[in-house]
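1. Sequence plus the predicted model coming up.
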Amino acid sequence: MVAFAQRPEWSSSSRFVIAMTAAVVSLGNLWRLPYLLSDYGAGAFLLVYAIALLSMGLPLFSGQLLMARGTRADVPGVIAAWTRNAPHSRLWIWSGYLAVAGAGMLLAAYSVVAAWSLAYSLRGVTGMLDGSSVSAASAQFVTFARDSERGFGWLLLFFALIVATAAHGLRRGVEPVMRTLAFCMLMALTALVVSAAMHGRADDALYAIFAVDFAALGWRGVFEALYQAFFTLSLGTGVVVCFGSYLPSNTPVVRLSLVILGVDLAVSLACAFMLAVFVGPSEAQLDVGIQSLFETLPVAMAGDWQAPIMFVLVALVSLSTAIGLFEPVVQLVQQRSGYTRLRATLYAGLALALLGMAALLSFGVLDRVTLCGYNLFGWLMLITAQLIGPLTGLLLCILLGRVLARKRLVDAWQHAGQYSRATGFALWHALLRYPTRIVLVLVLAYALGALRLIEMVWFP
């Protein structure tokens with residue numbers, strides 16, 4: 001096994017924040033949260049979402065960093081270091097393997113969407129997108145999605161980029177590339193938001209985002225807010241633990257977590273404002289399906305200079321999220337096999353690329369191969385987003401809040417110096433033991449369709 005001492009740390013806490021933020025900001029920030037705000041009472045949804053981020057997201061995010069910092073181990077190794085004397089230690093260690101497996105499967109499915117985003121970024125820049133009508137944009141997207149030959153080229157380019165990044169390690173690969181991607185995303189988003197602020201619909205867009213309508217929220221809106229707060233921080237994929245393992249052992253994890261949560265929320269609100277301005281008055285409307293990005297934006301931004309920038313932003317976000325999901329897989333393969341970083345990256349990239357190709361074919365020649373109405377892409381998304389993610393997040397919460405010895409957690413908490421106050425730890429630990437765990441149970445139940453079952457029983 002590769003010695004831990006050979007593995008580097010982040011250059012600084014600020015660079016960790018940049019890379020971690022780039023990893024957790026995903027297409028859900030660009031597309032899903034704006035859609036949810038428009039559908040579930042805007043400001044009412046935002047209030048529940050912000051409360052969920054603080055009561056569930058912050059404790060679990062900082063808790064994962066607290067466990068991982070200074071360990072220089074893979075995700076199962078981090079958990080093993082904390083559970084050697086805990087009951088059912090094998091169960092907790094296997095939850096680490098489950099998290100990494102979920103990250104790999106999610107990346108394979110995500111690679112299909114990322115391949116589409118790369119292709120559409122080029123088409124947007126060259127003016128090849130058909131924005132004449134929703135039906136025309138939809139037909140163009142369906143034709144492209146079913147063209148497996150072109151899709152393979154974009155998917156292989158996508159994997160070549162993330163493999164090349166990961167193969168150079170943390171200091172020479174992941175850190176500088178994530179920093180560059182974050183800067184480019186900031187520039188693109190700033191240009192779009194500034195242009196939206198100068199638009200005549202800016203005031204209406206702000207009202208559409210922040211106007212409080214509890215009548216439109218409903219129970220489904222509450223559950224969607226909890227679900228979105230969980231997934232916007234990648235709490236069930238092992239990414240937080242993996243990136244946190246490269247931190248020094250005295251890192252102030254709560255402070256860094258607050259910064260990352262704040263930036264993530266700000267990006268989401270900026271995207272919601274920008275889309276409310278450009279998409280709001282058009283005939284095309286965002287939908288729950290990821291394909292709505294590729295069907296709506298060409299129509300809503302037809303003929304505008306913002307359209308190519310928007311699709312470049314989508315491509316950049318896809319790459320940064322993928323690099324974050326890929327790192328726990330490479331880290332695990334390298335440490336468990338003893339391979340060099342390059343060899344582990346190539347093997348992991350090849351395996352996930354093959355799975356991604358199979359998922360891509362499920363929109364082409366394998367589109368008729370389904371199980372219970374889902375193709376391979378659908379099953380990968382279903383298993384990771386609705387089972388593995390919430391389940392591993394809940395297991396980690398139980399581990400931190402109920403299983404690990406309180407004294408050991410206090411010692412780790414005090415090791416950061418400025419967080420040595422007993423009241424701070426008591427509040428953090430109480431959040432993990434009760435509201436965070438309750439919210440995660442609700443998230444898992446909602447992801448598995450419990451609300452739909454209740455609605456079927458009570459409102460047939």
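-> The structure has been received and is ready for your questions. Residues are numbered from 1 along each chain as shown.

2. Low-confidence stretches in this protein?
-> In the prediction, the chain carries residues with pLDDT under 70 at positions 1-7, 280-289, 303, 415-421, 451-460.

3. quick one, strands of it?
-> Applying DSSP state E to the chain gives no strands.

4. How far off centre is the lengthiest helix in the chain?
-> Using DSSP state H to assign secondary structure, the helix with the most residues in the chain is helix 89-126. Chain-centre distance of helix 89-126: 9 Å, with Cα atoms, centre = their mean, to the nearest Å.

5. likewise stretch 365-384?
-> In terms of Cα atoms, centre = their mean, the centre of stretch 365-384 is found 21 Å from the chain centre.

6. ok, residues contacting that stretch?
-> The contact list for stretch 365-384, computed with Cβ atoms under 8 Å, 6 or more residues apart in numbering, reads 102, 105-106, 108-109, 112, 146, 148, 355, 358-363. (Glycine included, C-beta is placed from N, CA and C.)

7. May I see the buried residues of the longest helix of the chain?
-> By neighbour count on 16 or more other Cβ atoms under 10 Å, the buried set for helix 89-126 is 92-93, 95-121, 123-124.

8. Farthest pair within the contacts of stretch 365-384?
-> G102 and R146 (27.8 Å; Cβ to Cβ).

9. can you give me the helices in the stretch 301-450 of the chain?
-> Here the stretch 301-450 of the chain has its helices, by DSSP state H, counting those that start in this stretch, at 306-337, 341-361, 376-383, 389-398, 406-414, 422-433, 435-447, 450-458.

10. May I see the ones you listed organised as CSV, with distance to M56 and mean neighbour count added?
-> Output for those, formatted as CSV (distance: least, Cβ to Cβ, whole Å; neighbours: other Cβ atoms under 10 Å):
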stretch, distance to M56, mean neighbour count
helix 306-337, 20, 24
helix 341-361, 29, 20
helix 376-383, 22, 19
helix 389-398, 8, 24
helix 406-414, 18, 14
helix 422-433, 8, 16
helix 435-447, 4, 20
helix 450-458, 18, 11
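
11. Out of those, which gets nearest to F294?
-> Evaluated over these, closeness to F294 peaks at helix 306-337, with 8.7 Å, by Cβ to Cβ.

12. Centre of the chain to the closest one, how far?
-> Mean-position distance between helix 306-337 and its chain equals 10 Å (Cα atoms, centre = their mean).

13. show me where the stretch 1-150 of the chain has helices.
-> For the stretch 1-150 of the chain, the helices defined by DSSP H, counting those that start in this stretch occupy 13-24, 27, 33-39, 43-52, 58-68, 75-82, 89-126, 134-146, 148-167.

14. Which of those sits closest to V277?
-> Closest to V277 of the helices of the stretch 1-150 of the chain is helix 33-39 (Cβ to Cβ; 10.9 Å).

15. buried ones in that closest one?
-> By neighbour count with 16+ other Cβ under 10 Å, helix 33-39 contains the buried residues 33-39.

16. mind giving me a markdown table with those residues and columns for distance to F223?
-> Putting those into a markdown table (distance: Cβ to Cβ, whole Å) gives the following:
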| residue | distance to F223 |
| --- | --- |
| L33 | 15 |
| P34 | 18 |
| Y35 | 15 |
| L36 | 11 |
| L37 | 15 |
| S38 | 17 |
| D39 | 13 |
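
17. What is the burial count for L186?
-> By other Cβ atoms under 10 Å, 16 other residues sit near L186.

18. Check G373 too.
-> Count around G373 with other Cβ under 10 Å applied: 6.

19. Might one say that L106 is in contact with L325?
-> Yes - judged on Cβ atoms under 8 Å, L106 makes contact with L325 at a distance of 6.0 Å.

20. residue contacts, the spatially closest residue to P59 that is not a sequence neighbour?
-> Excluding the flanking residues, the one nearest P59 by Cβ to Cβ, 6 or more residues apart in numbering is L431, at 4.2 Å. When contacts are counted by Cβ under 8 Å, 6+ apart, L431 touches 55-56, 58-59.

21. Distance check, L431 against V254.
-> Between L431 and V254 the distance is 11 Å, computed by Cβ to Cβ, to the nearest Å.

22. cool, and S362?
-> According to Cβ to Cβ, S362 and V254 sit 42 Å apart.

23. cool, A205 as well?
-> Distance from A205 to V254, counting by Cβ to Cβ: 34 Å.

24. cool, and S133?
-> Taking Cβ to Cβ as the measure, S133 falls 50 Å from V254.

25. and the two? which has more neighbours close in?
-> Relative neighbour count places V254 above the other of S133 and V254, with 22 against 14, counting by other Cβ under 10 Å.

26. Pretty sure that one sits against L60.
-> No - contact between V254 and L60 fails when scored by Cβ under 8 Å: they sit 12.0 Å apart.

27. shared neighbours, these two?
-> Overlap between the contact sets of V254 and L60, as judged by Cβ under 8 Å, 6+ apart, is nil.

28. how about TSV for the helices of the stretch 1-150 of the chain, with distance to A348 added?
-> Output for the helices of the stretch 1-150 of the chain, formatted as TSV (distance: least, Cβ to Cβ, whole Å):
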stretch	distance to A348
helix 13-24	17
helix 27	22
helix 33-39	30
helix 43-52	33
helix 58-68	20
helix 75-82	14
helix 89-126	8
helix 134-146	26
helix 148-167	8
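
29. For V403, which of those helices is the nearest?
-> With respect to V403, and counting by Cβ to Cβ, the nearest of these is helix 89-126 at 7.1 Å.

30. From the buried residues of helix 33-39, pick the one nearest V194.
-> P34 (17.7 Å).

31. nearest spatial neighbour of the closest one, skipping sequence neighbours?
-> P34 sits nearest to A272 (Cβ to Cβ, 6+ apart), 4.0 Å away.

32. so what's G218 up against?
-> Contacts of G218 by Cβ under 8 Å, 6+ apart are 40-41.

33. whoops, L440 was the one
-> By Cβ under 8 Å, 6+ apart, L440 lies in contact with 56, 60, 230, 390, 393-394, 397.

34. separation between it and L325?
-> Using Cβ to Cβ, we find L440 at a distance of 20 Å from L325.
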